[in-house]
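K.L.:
Quick check, what structure comes out for this input:
(2 chains)
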Number of protein chains: 2
Amino acid sequence: MIRVSKFIEKISQSMDEKRSILCIGLDPALPEQRSQNIIPSRYIRKYRTSEAKLHFCLDIIEQTKNSSAAFKPNQQYVMDFSTKQHQRMTRAIRKAGAISILDYKLNDIGDTIESALFYIYKWGYDATTFNPFLGNLERTVQIAHSYTPSMGLIVLTLTSNIEAVRYQKEANIADKPLFLSVAEDVKRFGADGCVIGATGHVTIEDITAIREIVGNKKLLLIPGIGTQKGDPEKVIRNGGNKILINVSRSIIYSETPSKMAEEYCFMFNKMRI
Amino acid sequence: MIRVSKFIEKISQSMDEKRSILCIGLDPALPEQRSQNIIPSRYIRKYRTSEAKLHFCLDIIEQTKNSSAAFKPNQQYVMDFSTKQHQRMTRAIRKAGAISILDYKLNDIGDTIESALFYIYKWGYDATTFNPFLGNLERTVQIAHSYTPSMGLIVLTLTSNIEAVRYQKEANIADKPLFLSVAEDVKRFGADGCVIGATGHVTIEDITAIREIVGNKKLLLIPGIGTQKGDPEKVIRNGGNKILINVSRSIIYSETPSKMAEEYCFMFNKMRI
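P.N.:
Presented below is the predicted three-dimensional model:
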């Protein structure tokens, strides 16, 4: 019998306590980066850039904490955070009774994986995402789980962007689409879950097949709802019990993050019944 | 006819001027991370951690600049660098007449790729590495090349660790090993080159096949020489003209980085004849 990991215990507890399967993605973008979906100018006026992004995130966490089981900062938006800034972020998430997942998409070989996990642990994150292309999942899980508290590892299994079809679905290992081999490795090496897109080419059959392989004790983390217009219902109805739906921009860049988070939380719960 | 990219022009010029195909990998590890291959204690005594790592790298750049065409900091070791620290690193590399490649192993979707490239450009790097598992190579190349100066994009094509065999070689797309499809995409989407391991399961035939697909105007970046005990000769004799051999620990953690860099540079040049 497979025991659930420490991370799965933690995230399950958070989802139960909050009565929520909502994860809020934190993608704080600056005005010099793009014209839409940027942090409000009041933060920029008040702070230097990385502090402006941090304060924006801290406010979002505070405003949405009642509806969110987890927060997922995306590394590509917080690349310039110092160790202290990451620690302030993860402390705020912990204080909000939620789980912190750094969407780092870690991929590297040998000792270098250890170095990345060393920092992600130091920064205070409960879990990180992992890109399986270079292999190394077994060792990475061992290292992540060797920390106290044990860190979770959630593996990119099937992403929703159309260009991913070539490498994840058309590619075959022993006559099966590659993403199913990734799911097998998640199970075999004891990783904590899978990231699965909810839009575009991803079908109910794909999600069901992944869930069947990994079993009911792994987390499925589903981005792509909201701005990316994924269909949460097909995922929620077919994804099994341990499922976390990520919404980013539709909440964090709305006029009323608190209300939007509440609405998504409520909508997802209704779909579960 | 395919024109060489701005990045290929720059790296070719640096290799010509230095008469070197050596790239030095900068993996500055702290004593609390592991027991071997760590930065000397004098840096730790003098500076706080990220500054200690930066000063160690700056000294290596200064000591080895005559023998090195490029420097490749690995993101997993400099995750805690501030924007200013990255800028000091890239300025030192530029001043040394060499090219800076951030080994970031970038992989993400949509606008998020843009955010990562925004910071990598701001930090001053000439190029970055890219993990192709999520697709998105075409758009990523377009964005990287749209900056002034244009940034280079070098794609992980075949890594040398044994666990990579499953996803890169055993996996097939249209009856060909997946890594050859990655090479095809490098050519098709105009990326600047391929990262190819030199150890273990990677054969001369693999390297020759990749070079045949991408043509002679792409860079092959070859890590795994030195500590990882790859055989540079098989790569150098079969890799074509635009090839950069990366050595990290055997140089940066040696007693005499300057002399070691010189020896590697000389050895690689001898193998080219």
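K.L.:
residues in contact with the residue of the stretch 1-150 of chain A found nearest chain B?
P.N.:
Nearest to chain B in the stretch 1-150 of chain A, going by Cβ to the nearest Cβ, is residue A:135, at a distance of 2.7 Å. To be clear about C-beta, it is placed using only N, CA and C from the backbone, and glycine gets the same treatment. By Cβ atoms under 8 Å, 6 or more residues apart in numbering or on different chains, the contact set of residue A:135 is B:159, B:161, B:162, B:163, B:164, B:165, B:166, B:167.
K.L.:
Now it: closest residue in space that isn't a chain neighbour?
P.N.:
Excluding the flanking residues, the one nearest residue A:135 by Cβ to Cβ, 6 or more residues apart in numbering or on different chains is residue B:163, at 2.7 Å.
K.L.:
quick one, helices of the stretch 51-200 of chain A?
P.N.:
A:83-95, A:111-122, A:137-146, A:164-165, A:178-188 (DSSP state H, counting those that start in this stretch).
K.L.:
can you put these in a markdown table and add mean pLDDT, mean neighbour count and distance to residue B:246?
P.N.:
Formatted as a markdown table, the helices of the stretch 51-200 of chain A follow (pLDDT from 0 to 100; neighbours: other Cβ atoms under 10 Å in any protein chain shown; distance: least, Cβ to Cβ, whole Å):
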| stretch | mean pLDDT | mean neighbour count | distance to residue B:246 |
| --- | --- | --- | --- |
| helix A:83-95 | 98 | 18 | 27 |
| helix A:111-122 | 96 | 21 | 13 |
| helix A:137-146 | 97 | 19 | 22 |
| helix A:164-165 | 92 | 22 | 28 |
| helix A:178-188 | 98 | 22 | 28 |
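K.L.:
For those helices, please prepare a markdown table with the additional fields distance to residue B:87.
P.N.:
What follows is those, written out as a markdown table (distance: least, Cβ to Cβ, whole Å):
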| stretch | distance to residue B:87 |
| --- | --- |
| helix A:83-95 | 18 |
| helix A:111-122 | 20 |
| helix A:137-146 | 31 |
| helix A:164-165 | 33 |
| helix A:178-188 | 37 |
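K.L.:
can I get those in a markdown table with distance to chain B?
P.N.:
Shown next, in a markdown table, are those (distance: least, Cβ to the nearest Cβ, whole Å):
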| stretch | distance to chain B |
| --- | --- |
| helix A:83-95 | 5 |
| helix A:111-122 | 4 |
| helix A:137-146 | 7 |
| helix A:164-165 | 5 |
| helix A:178-188 | 5 |
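K.L.:
wait, residue A:257 sits on residue A:66?
P.N.:
No - applying Cβ atoms under 8 Å as the test, residue A:257 and residue A:66 come out as separate, 11.6 Å apart.
K.L.:
quick one on the thing from earlier: list the contacts of the residue nearest to residue A:135.
P.N.:
A:134, A:135, A:136, A:137, A:138.
K.L.:
Once you drop chain neighbours, what's closest to the fourth one?
P.N.:
Beyond its immediate neighbours in the sequence, the residue positioned closest to residue A:137 (Cβ to Cβ, 6+ apart) is residue A:189, lying 4.9 Å away.
K.L.:
For that neighbour, what are phi and psi?
P.N.:
phi -100, psi 0 (degrees, to the nearest 10).
K.L.:
What residues does it make contact with?
P.N.:
Per Cβ under 8 Å, 6+ apart, neighbours of residue A:189: A:137, A:138, A:141.
K.L.:
Compute the distance between the residue sitting furthest away from the middle of chain A and residue A:35, please.
P.N.:
Distance from the C-alpha centroid of chain A peaks at residue A:45, with 30.0 Å (Cα atoms, centre = their mean). Distance, residue A:45 to residue A:35, using Cβ to Cβ, to the nearest Å: 18 Å.
K.L.:
Same check on residue A:231?
P.N.:
Residue A:231 is 28 Å from residue A:35, by Cβ to Cβ.
K.L.:
go on, residue A:273?
P.N.:
Applying Cβ to Cβ to residue A:273 and residue A:35 gives a distance of 40 Å.
K.L.:
Ok, residue A:69 next?
P.N.:
32 Å.
K.L.:
Which of these two has more residues huddled nearby?
P.N.:
For residue A:69 versus residue A:35, neighbours defined as other Cβ atoms under 10 Å in any protein chain shown are more numerous around residue A:69 (24 against 6).
K.L.:
quick one: that one and residue A:13 touch, right?
P.N.:
No - counting by Cβ under 8 Å, residue A:69 sits too far from residue A:13 to count as a contact (9.3 Å).
K.L.:
got the residue ranges for the strands in chain A?
P.N.:
A:22-26, A:70-73, A:99-106, A:127-130, A:152-158, A:172-173, A:176-177, A:193-196, A:219-225, A:243-247 (DSSP state E).
K.L.:
Could you export those as CSV, including mean pLDDT, distance to residue A:54 and mean neighbour count?
P.N.:
Formatted as CSV, the strands of chain A follow (pLDDT from 0 to 100; distance: least, Cβ to Cβ, whole Å; neighbours: other Cβ atoms under 10 Å in any protein chain shown):
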stretch, mean pLDDT, distance to residue A:54, mean neighbour count
strand A:22-26, 98, 10, 27
strand A:70-73, 98, 10, 28
strand A:99-106, 98, 14, 26
strand A:127-130, 98, 19, 26
strand A:152-158, 98, 23, 26
strand A:172-173, 96, 42, 18
strand A:176-177, 96, 40, 16
strand A:193-196, 97, 25, 26
strand A:219-225, 91, 22, 27
strand A:243-247, 96, 20, 26
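K.L.:
which residues does residue A:56 contact?
P.N.:
Counting by Cβ under 8 Å, 6+ apart, residue A:56 has contacts A:28, A:39, A:40, A:43, A:252.
K.L.:
would you list those residues in TSV and tack on neighbour count, distance to residue A:173 and pLDDT?
P.N.:
Shown next, in TSV, are the contacts of residue A:56 (neighbours: other Cβ atoms under 10 Å in any protein chain shown; distance: Cβ to Cβ, whole Å; pLDDT from 0 to 100):
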residue	neighbour count	distance to residue A:173	pLDDT
A:28	26	38	98
A:39	24	42	97
A:40	12	46	96
A:43	20	46	97
A:252	25	37	98
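K.L.:
Now the two most distant members of those.
P.N.:
Pairwise distances across those (Cβ to Cβ) peak at 12.2 Å, for the pair A:43 and A:252.
K.L.:
wouldn't residue A:164 be in contact with residue A:156 here?
P.N.:
No - applying Cβ under 8 Å as the test, residue A:164 and residue A:156 come out as separate, 9.2 Å apart.
K.L.:
Pull up the overlap in contacts between the two.
P.N.:
Joint contacts of residue A:164 and residue A:156 (Cβ under 8 Å, 6+ apart) are B:133, B:134.
K.L.:
Alongside chain B, which residues does the stretch 151-273 of chain A contribute?
P.N.:
A:156, A:159-168, A:170-174, A:178, A:181, A:185, A:228 (Cβ under 8 Å from any Cβ of the partner chain).
K.L.:
distance of residue A:205 from residue B:41?
P.N.:
Residue A:205 is 57 Å from residue B:41, by Cβ to Cβ.
K.L.:
What lies in contact with stretch A:61-75?
P.N.:
A:11, A:14-15, A:18, A:20-27, A:57, A:89, A:92-93, A:96-105, A:221, A:244, A:246, A:248, A:251, A:257-258, A:261-262, A:264-265, B:108, B:112, B:115.
K.L.:
cool, stretch A:200-218 as well?
P.N.:
A:2-4, A:8, A:157-158, A:160-162, A:164-165, A:169, A:179-180, A:183-184, A:186-187, A:191-194, A:196, A:220, A:234-235, A:238-242.
K.L.:
out of the helices of the stretch 51-200 of chain A, nearest to residue B:125?
P.N.:
helix A:111-122 (17.9 Å).
K.L.:
counting contacts, what elements does that closest one pack onto?
P.N.:
Here helix A:111-122 touches helix A:83-95, strand A:99-106, helix A:137-146, going by 3 or more Cβ pairs under 8 Å, 6 or more residues apart in numbering or on different chains; DSSP states H and E.
K.L.:
just how off-centre is it within its chain?
P.N.:
18 Å (Cα atoms, centre = their mean, to the nearest Å).
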